[in-house]
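Colleague: generate coordinates for the sequence data below:
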Amino acid sequence: MSAHPPFRVSVLVMILALILTAVAPAAARETPTPSDRPSIAAKDPGQKPPNEEKEPKITQKDRDNAAARRLQEGALNPLMVDEAAAVIAGAPRYFSHPNYANSPLPTVEGAAITVGNALTDRAYASDFPVAVGELAPVFVVLPTALPDGMLQGFKTWNQAEPAGSPFASAGNVFHSYVLRPTGNPNEYTVVFDSGLLTVPALTTPGISEAASFGVANLAVQAGDVLAFYGQGIPVDTGSGEDILHYPAPTPPLQ
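Modeller: Numbers count the residues shown, from 1 in each chain. Just a heads-up that it's a prediction; the model follows:
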């Protein structure tokens, strides 16, 4: 079986804490006065520059692209933390905001909510185009729109019984994503890439349970959606609205 039909329900959810409108701007850095600025030695107008080629300047965009490629290749996103550490405290991470120093701080209110499909056993414990532990070329978008909030983590169902799959969920690997629609049909930008995650061994062999992956204070906005790349996520086929892309040769690039 090389691929599931496009109608499917994948068992992955996002944990969110809702936020309200901004209440106070963060303090911007002060501009140094002339007396605070470091002195710069005057350049001799008659001095010739050394006969050396200048090294290409590395821009912030170059750094961002390099970091995104590392995530695509499997590096773990530094915002992925133990679930207990994924609490609303301190400043949120605004991946999409050009200057956090000038961005407003939100007020967090209420208990966390989950967005996504129900965590329960499904007809297949996993997709299975590749062996356990290999990154499968399976990309799935869960089209349920997220509200404004603070991402605290992802959960998936660690299904003990393989059912229609040749193996259970544990040991398989995947990436979790937050995507933002561009306005064009089926087109998104990557707001967040978890890096490579592994479905852990079951606490009690033979008994399914939720597997949690904490995230530290990532702000998401209304309309963002959840997605994953890989296998190990239980799935039903023939119904549902999850969008399957297979084969997807490489993980999306942030």
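Colleague: show me where pLDDT drops low in the stretch 51-200 of the chain?
Modeller: Scanning the stretch 51-200 of the chain for pLDDT under 70 picks out the ranges 51-54, 83-111.
Colleague: hey, where'd the strands end up in it?
Modeller: 80-81, 104-105, 113-116, 139-142, 149-158, 173-181, 188-193, 197-198 (DSSP state E, counting those that start in this stretch).
Colleague: sheet partners, orientation included, of the fifth one?
Modeller: On the basis of DSSP bridges, the sheet neighbours of strand 149-158 come out as strand 12-18 (antiparallel), strand 209-220 (antiparallel).
Colleague: angle of it against strand 173-181?
Modeller: 140 degrees (axes from the mean of the first three to the mean of the last three CA atoms, to 10 degrees).
Colleague: averaging pLDDT over each of the strands paired with strand 149-158, which comes out lowest?
Modeller: Among those, strand 12-18 carries the lowest mean pLDDT, at a mean of 58.
Colleague: picking that back up, identify whichever of the strands of the stretch 51-200 of the chain lies nearest to I243.
Modeller: strand 139-142 (4.3 Å; CB to CB). For the C-beta atoms, the positions are set from N, CA and C on the backbone; glycine is no exception.
Colleague: ok, residues contacting the closest one?
Modeller: 8, 10, 12, 116-117, 179, 188, 225-229, 233, 242-246, 248, 251-252 (CB atoms under 8 Å, 6 or more residues apart in numbering).
Colleague: can you flag the buried ones in these?
Modeller: Of the members of the contacts of strand 139-142, the ones counted as buried by neighbours, 16 or more other CB atoms under 10 Å, are 8, 10, 12, 116-117, 179, 188, 225-229, 233, 242-245, 251-252.
Colleague: list the contacts of A123.
Modeller: A163, G164, V235, D236, T237.
Colleague: now swap in G230 and tell me
Modeller: So G230 contacts L135, A136, V138, N172, V173, F174, H175 (CB under 8 Å, 6+ apart).
Colleague: which of these sits closest to K57?
Modeller: After measuring the contacts of G230 against K57 - CB to CB - the closest member comes out as H175, at 31.1 Å.
Colleague: give me the beta-bridge partners of the spatially closest residue to the closest one that is not a sequence neighbour?
Modeller: Nearest non-adjacent residue to H175, counting by CB to CB, 6 or more residues apart in numbering: Y229, 4.5 Å away. Going by DSSP bridges, Y229 is paired in beta bridges with F139, H175.
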